[in-house]
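>>> sequence and computational prediction follow.
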Amino acid sequence: MRKIKFAAVLSKPLCHAVFVLSLLPVIAGCGTANATKSAGAKVHPENWKLGSSTSLIPVLKPEVIKEVRESGIHFIEIGWKDHNLEGSTFADRMDYAKSVFAQASAEGITIWSTHVPYGKNFDISNPDAAARKNTVALVKEYIDLAIEMRAKQIVLHPSEPLEESTRAQRIINCRESLQELAAYTKGKGIALAMECLPPNFLGRSSNEMLVILDGIEGVGVCFDSNHLYPEKPEEFVRKVGKRIRTVHIADFDGKVQKHWMPGRGAVDWNKVIDALADIGYSGPFMYEVVRRDKETHTFKDLKANFDSLRTAWSNSKTSRR
Ligand SMILES: [Zn+2]
């Protein structure tokens, strides 16, 4: 594993205390986090391009990438956890990144984003300072890999599942990690995107996400439509606004993440599409669907689903006139 130098970033305890106190009303959900003030120009969903995470394309080789392009997918997200690279060295992963970039480019596919692995070794809010430093160093390696693949966004989880009593301190830890990582990415043409996550993680609501990112420049948000509860996905989109730089599209039962194909679950897609259009989201409509149990869909089914969502949205507009 490559060794990376990193600076210690621990702030003074007093700053921690003042910061936590100032956050408490917002963390409790009764404050008014400063949502994006100016929504962008409305974007027409007809102009969105289709994307898919490697959650549905776990094996990347030239013949598969050709099929991906032929199925109408223009953008992909490389989810590092989807590939069998456990135990690999940084040099191995760099070789893989170069190879995947070359293959995708040859087919006219853009690697829009990468997803940093998650799990106990990848918790940027870890209460254990030494473990957190190791994580930040590892994330820097994944930033370097994403740059090699010319990705624009690096999706990162704000935490692993947490004990509720540690939430406020973890927000502080997460912000410290993010400040260091934002400085590392500055000027490199790439940005981190913090993913909203289910209630037992950090990033569970628009309020909390805006607190985590407050004052940290160069870090955006990955909106995952199947992670939010009890806040509705469309409410999250409108409150976080322009800080949303990328998306994970999937359906769920309204409470627990499922990564279903849109249409199977409780998400009101007309409202989500409306909200994304209203904030001026112009990145790809990036599916992060997982095939479970007896499900048979593949990445080849995404285009039809994407078209049906946009047709239904368009019809809903017409019928409201
Ligand atoms: Zn996701």
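Perfect, thanks for sending it.
>>> work out the gap between stretch 289-302 and the centre of the chain.
Taking the mean of its C-alpha atoms, stretch 289-302 sits 20 Å from the chain's own mean (C-alpha atoms, centre = their mean, to the nearest Å).
>>> ugh, typo on my part, it should be stretch 286-293
So, by C-alpha atoms, centre = their mean, the centroid of stretch 286-293 is 15 Å from its chain's centroid.
>>> check stretch 313-321 too.
Between the mean C-alpha position of stretch 313-321 and that of its chain there is a distance of 30 Å (C-alpha atoms, centre = their mean).
>>> mind listing what's buried in that stretch?
Trp313 (16 or more other C-beta atoms under 10 Å). Any C-beta I mention is one placed from the backbone N, CA and C, and that applies to glycine too.
>>> contacts for that stretch?
When contacts are taken as C-beta atoms under 8 Å, 6 or more residues apart in numbering, the neighbours of stretch 313-321 outside the stretch itself are 45-46, 269-270, 273-274.
>>> tell me the mean pLDDT over stretch 218-238?
Looking at stretch 218-238 alone, the average pLDDT works out to 97.
>>> my guess is Phe306 meets Leu50, correct?
Yes: counting by C-beta atoms under 8 Å, Phe306 touches Leu50, with 5.0 Å between them.
>>> shared neighbours of these two, anything?
Among the neighbours of Phe306, those also in contact with Leu50 (C-beta under 8 Å, 6+ apart) are 72, 285, 287.
>>> nearest residue to the first one other than its sequence neighbours?
Nearest non-adjacent residue to Gly72, counting by C-beta to C-beta, 6 or more residues apart in numbering: Lys303, 3.7 Å away.
>>> looks to me like the one you found is in a strand.
No: assignment of Lys303 by DSSP: H, G, I helix; E, B strand; the rest coil gives helix, placing it outside any strand.
>>> mind pulling up the pLDDT for it?
On pLDDT, Lys303 comes in at 98.
>>> what about it, neighbour count?
Using other C-beta atoms under 10 Å, Lys303 has 14 neighbouring residues.
>>> with the one 4 residues further on instead?
Number of residues near Asp307 (other C-beta under 10 Å) recorded here: 12.
>>> and which of the contacts of stretch 313-321 is nearest the ion?
Nearest to the ion among those, counting by C-beta to the ion, is Trp269 at 16.6 Å.
>>> check contacts around the closest one.
When contacts are taken as C-beta under 8 Å, 6+ apart, Trp269 is in contact with 262-263, 309, 312-313.
>>> can you show me the CA trace of stretch 198-216 as CSV?
Listed next in CSV are the C-alpha coordinates belonging to stretch 198-216 (Å, rounded to 0.1, in the frame of the first residue of the first chain):
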residue,chain,number,x,y,z
PRO,A,198,-30.3,6.4,6.2
PRO,A,199,-31.2,7.6,9.7
ASN,A,200,-28.5,5.6,11.6
PHE,A,201,-25.7,7.3,9.7
LEU,A,202,-24.6,11.0,9.3
GLY,A,203,-26.2,12.8,6.5
ARG,A,204,-29.7,11.6,7.2
SER,A,205,-31.5,14.9,6.4
SER,A,206,-31.1,18.1,4.5
ASN,A,207,-30.6,20.0,7.8
GLU,A,208,-27.8,17.7,8.9
MET,A,209,-26.1,17.6,5.5
LEU,A,210,-26.1,21.4,5.4
VAL,A,211,-24.6,21.5,8.8
ILE,A,212,-21.9,19.0,7.8
LEU,A,213,-21.0,21.1,4.7
ASP,A,214,-21.4,24.6,6.2
GLY,A,215,-18.5,26.7,5.2
ILE,A,216,-16.6,23.9,3.5
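>>> off-centre distance for that stretch?
The chain centroid and the centroid of stretch 198-216 are separated by 13 Å under C-alpha atoms, centre = their mean.
>>> return the set of buried residues in stretch 206-223.
Buried, per 16+ other C-beta under 10 Å, within stretch 206-223: 206-213, 216, 218-223.
>>> could you identify the most distant pair in these?
Asn207 and Gly218 (21.2 Å; C-beta to C-beta).
>>> ranges for the helices of this structure?
If DSSP state H is used as the criterion, the helices of the chain fall at 13-27, 62-70, 90-106, 129-148, 167-185, 206-213, 233-240, 269-278, 302-320.
>>> pull stretch 62-70 out as PDB, backbone CA atoms only.
Coordinates of each C-alpha in stretch 62-70 appear next as PDB, following Å, rounded to 0.1, in the frame of the first residue of the first chain:
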ATOM      1  CA  PRO A  62     -14.600  -4.200 -23.500                       C
ATOM      2  CA  GLU A  63     -17.500  -6.400 -24.700                       C
ATOM      3  CA  VAL A  64     -19.600  -5.400 -21.600                       C
ATOM      4  CA  ILE A  65     -18.800  -1.700 -22.000                       C
ATOM      5  CA  LYS A  66     -19.800  -1.900 -25.600                       C
ATOM      6  CA  GLU A  67     -23.200  -3.300 -24.500                       C
ATOM      7  CA  VAL A  68     -23.500  -0.600 -21.900                       C
ATOM      8  CA  ARG A  69     -23.100   2.100 -24.500                       C
ATOM      9  CA  GLU A  70     -25.500   0.300 -26.900                       C
END
